[in-house]
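>>> Pasting a predicted model and its sequence here:
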Amino acid sequence: MDELLLIETVERYLKGEMDAKERGFFEEIRKNNPEIDQMVVEHTFLFNELDKQANIKAFKHSLYEVENKLAEEGLISKAELTTRAKVVFLWKKYKRSIAVAASIAGIVSIVTAATISTYNTNAGKDAITQLYAKVKSQDNKLAQLDQTIKANTSYPVSKIPPNPNYRATGFLIDGKGFIVTNAHVVDKMKNIYVENNKGQYFNAQAIYTDQNTDLAILKITDTAFKTVLNLPYSINKTNSNLGEQIFTLGFPRNEIVYGEGYVSAKSGNEGDSTAYQVSVSVNPGNSGGPVLNKYGQIIGIITSKNSTADGVVFAAKSKNIFKLIEAAKNAGDTANIKLPTNTALRGLDREQQVKKMEEFVFMVVGN
Amino acid sequence: MLEGLALNDRLVVEAIYRDNYPMIQAFILNNNGNSDEARDIFQEAMIVIYEKAVSGSFELNCQLKTYLYSVCRRLWLKRLQQLQRYGSLIENVEETVAVEEDLEIHEKHNADFLLMETAMSKIGEPCKSLLDAYYIQKKNMQEIASEFGYTNADNAKTQKYKCLVRLKKLFFAQYKNGN
C-alpha cells in the first residue's frame, strides 16, 4: 500500500472516523500483517505525543497569562532594578573595552542620511526624477487630506514634521512616553519626531544620551500622546547565549520591516563587551531597533554594521538600558522611568508576537 | 478542581496561583533565589500537577498546598545544585510529602516534549507551520489550505501527510538514540 494512503488510513482509524465495516476490514489487515500493526502502534505513539505537546503548550500559555495578570496586581513581584553598586562595578569592569570600542573606525552607523528628501530641481533631467517629484506632490496632497480628516476626527495627532532628512527606529521602554534609540541618531537631529504604526506623529526630546553605548532616551513631549499601560515585552538584564534565535523590527523604509537571525558573538566590535554581534539583515534606518528573543524579551538594540564584512551587525546589550537609566537619574534627568518586566509574548507564535508589539516600535525622524 | 485543571481552565489556574504563589515565592527568595526563578519553579510545578491531572492518576493524599510546596522544594534544590549555589535551606516548618517518583515521571515527559520540539524544528518550513497549525493549534484543513495558499483542502492534506512521514522518521530516530 502507498505510504501516504496508509498514514491517512491509520489516522482515520485512530480518530474513530471509520464505520464498523471498514474498521473490521482494517483490523483484519492489521492482524495478518505485522508491518502494518507496527505502524499503527508507532502512529498511536506519535499522535499521543503530538496531542500532549498541544495540550502542554496551551496550558503554558494560560500560565503566562495568569502570571502577567497577577504581576499587574502585584501578587507576583517583578524583578527589581540592579543596585547602584553593581552598576558602578560593571562600569569599571567594562570601562576599558568601552574605551576601545569608542575609538574604532570603519564602523558605519545605520542612520539614514538624507534619503528622505533631497530636492533635486533639475527639471526634466530624466523620467525618474520627474516621477519622484510627482509622487512627492501626491504625497503632500495625501498628507493634507490626512490632516483635514484627522482634524475632523478626535485623532490625537500633531503636525507632520517638515522635511525630515534622517530616519531611524526606537521603541517604548515606559508607557509614559519614553523611547530608547541610538545616540548617533539624535545627535544628528535638531527637531525630533516619532511616528507610530498608525501614522500618528509626536514631538519628542532627547533627555539623555550616552556615547559609549550609543544609546539615547527620548521623551515624547506631545500632549496628544496617550500613556500606554502595558508594554507586551520585557527588557532582559542577563546576557544572551550564542546561537539564540532573535528577531528585530525597524524602519529601513517608510514601513515597519521584520528581520530574523541569531546571536553570532557575545561581544561587539573588537571585543566590545557592551554589545553583541548578531546576524540579521539590517539597513540604514534600522538603527535603534529592538532585538528580541523568542520569549519576547528585548536583548539588544541595533546600533551599527560592519561595512566591509558581510552580515556583521552590532547590537548594544539590553542591560545597558538599565545602566543608562541609572546614569540619567544620577545626572538629574530623572523622570521616574519604570521598565517593563513582564513579557506577554511568551508562548505566542511569531506573527502574533509582532502584531502585539509593532505599535510600540516607532519611526524616529528629524532634521 | 483537578478536573478543571486538566481542562486548562484559566480560573482554576488563577485560583491555584492566588492561593499558593506567595508562599513559594517567599521560600525561593529566602533561599538564594530571585523572583524570576520563583516564577520558573512555580510554573514547572504547575505543569507537574497538570500532567498528573490529565493522566487521571492524581490522588491527592494531602492538601494541594503541601503537594505544591513539596514539588517546588524538590525542584529548587535540584536547581541550586545545578547552579552550584550550595547552602542549607532556610524554611518554615512545612510538612512535605514524597514527590520523587512524580518528578521522575515529569522529567520523562519533559524529555519527550523536548524531543518532539526538536523534531518539529528540524523538519523545516512549510512542514513545521503546517503540522503546527493542524496538530497543535487544531485548525481545520479548510482554514489551513487558504492560509498556506493551497488550492484545496485535499492538496493541503497530502502535503500534511508527507510532512508527517518526515516528522515520524526524525522523531523515532531521536527517540531510539535517546533510549
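Done, it's in.
>>> State which helix of the chain is the longest.
Unless you meant another one, I'm taking chain A. Taking DSSP state H as the criterion, chain A has its longest helix at helix A:34-73.
>>> My question was about chain B, not that one.
Ranked by number of residues, the top helix in chain B under DSSP H is helix B:153-178.
>>> correct me, but A:Ile301 touches A:Ala315?
Yes: between A:Ile301 and A:Ala315 there is a contact under CB atoms under 8 Å: 5.9 Å. (Each C-beta comes from the backbone N, C-alpha and C, glycine too.)
>>> Looking at those two, which is more packed in?
A:Ile301 (29 against 26; other CB atoms under 10 Å in any protein chain shown).
>>> Run through the helices of chain B in chain order.
Using DSSP H, helices in chain B cover B:2-6, B:10-30, B:35-55, B:64-83, B:100-122, B:127-131, B:141-148, B:153-178.
>>> which SS class is A:Lys219?
strand (DSSP: H, G, I helix; E, B strand; the rest coil).
>>> what comes up buried for stretch B:13-24?
Buried positions in stretch B:13-24, judged by neighbour count with 16 or more other CB atoms under 10 Å in any protein chain shown: B:13-14, B:16-17, B:20-21, B:23-24.
>>> what about that stretch, distance to the chain center?
Remark: stretch B:13-24 is offset 18 Å from the chain centroid, using CA atoms, centre = their mean, to the nearest Å.
>>> Stretch A:313-320 now?
13 Å.
>>> Contacts made by that stretch with the rest, please.
With contact meaning CB atoms under 8 Å, 6 or more residues apart in numbering or on different chains, stretch A:313-320 is reached by A:107, A:210, A:213-215, A:235-240, A:261, A:268-269, A:272, A:274-280, A:282, A:291, A:297-306.
>>> Quick one, which of the residues you listed are buried?
Among these, those classed as buried by 16+ other CB under 10 Å are A:107, A:210, A:213-215, A:235-237, A:240, A:261, A:268-269, A:272, A:274-278, A:280, A:282, A:291, A:297-305.
>>> Pass me the low-pLDDT residue ranges in chain A, would you?
A:1-2, A:76-162, A:332-335 (pLDDT under 70).
>>> need the residues of it near chain B, please.
Residues of chain A lying near chain B by CB under 8 Å from any CB of the partner chain: A:3-4, A:7-8, A:42-43, A:46, A:49-60, A:62-63, A:65-67, A:69-70, A:75-80, A:349.
>>> Now which of those residues would you call buried?
The buried subset of the residues of chain A next to chain B (16+ other CB under 10 Å) comprises A:4, A:7-8, A:43, A:46, A:49-50, A:52-56, A:59-60, A:62-63, A:65-67, A:69-70, A:76, A:78-79.
>>> tell me the contacts of A:Leu229?
Contacts of A:Leu229 by CB under 8 Å, 6+ apart are A:Gly175.
>>> That one belongs to a helix?
No: A:Leu229 is assigned coil when assessed by three-state DSSP, not a helix.
>>> Contacts only, for whichever residue of the stretch 251-367 of chain A sits closest to chain B.
In the stretch 251-367 of chain A, no residue comes nearer to chain B than A:Asp349, which is 7.7 Å away by CB to the nearest CB. Contacts of A:Asp349 were listed using CB under 8 Å, 6+ apart, and they are B:Asp132.
>>> Low-confidence stretches in chain B?
B:84-95, B:177-179.
>>> and the strand or helix carrying A:Ala206, which strands flank it?
Using DSSP states H and E, the element containing A:Ala206 is strand A:201-210. Using DSSP bridges, the strands paired with strand A:201-210 are strand A:192-195 (antiparallel), strand A:215-220 (antiparallel).
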